[in-house]
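S.K.: Next input, structure requested:
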Amino acid sequence: MTLIKQYLRSIFFTGCFFICTTSFAQNWDINLLRNINPQNPNSGLWKGFTNSAYPLSAATPVAVWIDAKINHNKKDEYKAYEIAGSVIIAAGATEAMKIIFNRNRPFQKYAGVYPYQYEDGQSFPSGHASLAFAVAASISIEYKKWYLVVPAYVWATGVGYSRLYLGEHYPTDIIGSAITGTASAFISYWVSKKIFK
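M.R.: Next comes the predicted model:
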């Protein structure tokens, strides 16, 4: 229970840090976004990264679970539950933080930001990036093989960058999302070790 309190406290203070920055830091945030976000963000590559976030985050634990059932491998079955737990925790934390911090998307506040589509909802943190980093961190915790970990983090980083390129989030949203997703994976790991001794 203490670890969960620490997690929630760290998420809250991370959000406060990124939302309550000085004007200099805010200028840095929006200036970096403007350098990444083009006037006409039509890249199929970055749209592909963004569109892959939710399906791959859901499919990864399902695929691990199916493989574990086919091979009668209880250990991998628990890994599937752990990955699913990290996704669920990240999704819940992300939605809670969006409500708490209520940060407008950059195109709603600043000129010179060109979203690929006008999405409603809050900016901090990015749900796409939080889920992607939750999956990548869970894979790195459970498998520790470079040929699984490196592609997972390349994909998660690509998802985060795509949200900037497509004009939907600030850089600090993505940093906060990476922290949220990674922390969610460690919480899920800790909880699963308590449940599946």
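S.K.: can you map out the helices along the protein?
M.R.: Listed in chain order, the helices found in the chain under DSSP state H are 2-19, 23-36, 44-70, 74-101, 106-109, 127-142, 146-165, 171-195.
S.K.: helices or strands next to the longest one in the packing?
M.R.: What it means is helix 74-101. helix 2-19, helix 44-70, helix 127-142, helix 171-195 (3 or more C-beta pairs under 8 Å, 6 or more residues apart in numbering; DSSP states H and E). For glycine as for every other residue, the C-beta is placed from the backbone atoms N, C-alpha and C.
S.K.: Average pLDDT for the third one, rounded please.
M.R.: Averaged across helix 127-142, pLDDT comes to 96.
S.K.: Report the central residue of this structure.
M.R.: In the chain, the residue lying closest to the centroid (C-alpha atoms, centre = their mean) is Ser130, at 1.3 Å.
S.K.: right, and that one touches Ser177 too?
M.R.: Yes - Ser130 is in contact with Ser177 according to C-beta atoms under 8 Å; the separation is 4.3 Å.
S.K.: Identify the contacts common to those two.
M.R.: In terms of C-beta atoms under 8 Å, 6 or more residues apart in numbering, Ser130 and Ser177 are both contacted by the residues Thr94.
S.K.: rewinding a little: winner for burial among the helices of the chain?
M.R.: Mean neighbour count (mean count of other C-beta atoms under 10 Å) peaks for helix 127-142 among the helices of the chain, with a mean of 27.
S.K.: For that helix, name the packing helices and strands.
M.R.: helix 44-70, helix 74-101, helix 146-165, helix 171-195.
S.K.: Let's see the shortest one as PDB, backbone CA atoms only.
M.R.: Coordinates of the C-alpha atoms in helix 146-165 are reproduced here as PDB (Å, rounded to 0.1, in the frame of the first residue of the first chain):
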ATOM      1  CA  TRP A 146      17.700  -6.700 -25.900                       C
ATOM      2  CA  TYR A 147      15.900  -7.900 -29.000                       C
ATOM      3  CA  LEU A 148      12.600  -7.500 -27.200                       C
ATOM      4  CA  VAL A 149      13.400  -4.400 -25.000                       C
ATOM      5  CA  VAL A 150      15.000  -2.200 -27.700                       C
ATOM      6  CA  PRO A 151      12.100  -2.600 -30.300                       C
ATOM      7  CA  ALA A 152       9.600  -2.000 -27.400                       C
ATOM      8  CA  TYR A 153      11.200   1.300 -26.400                       C
ATOM      9  CA  VAL A 154      11.800   2.400 -30.000                       C
ATOM     10  CA  TRP A 155       8.000   1.900 -30.600                       C
ATOM     11  CA  ALA A 156       7.100   3.700 -27.300                       C
ATOM     12  CA  THR A 157       9.400   6.600 -28.200                       C
ATOM     13  CA  GLY A 158       8.000   6.700 -31.700                       C
ATOM     14  CA  VAL A 159       4.500   6.900 -30.300                       C
ATOM     15  CA  GLY A 160       5.600   9.800 -28.000                       C
ATOM     16  CA  TYR A 161       7.300  11.600 -30.900                       C
ATOM     17  CA  SER A 162       4.300  11.100 -33.100                       C
ATOM     18  CA  ARG A 163       2.100  13.000 -30.700                       C
ATOM     19  CA  LEU A 164       4.400  16.000 -30.900                       C
ATOM     20  CA  TYR A 165       4.800  15.700 -34.700                       C
END
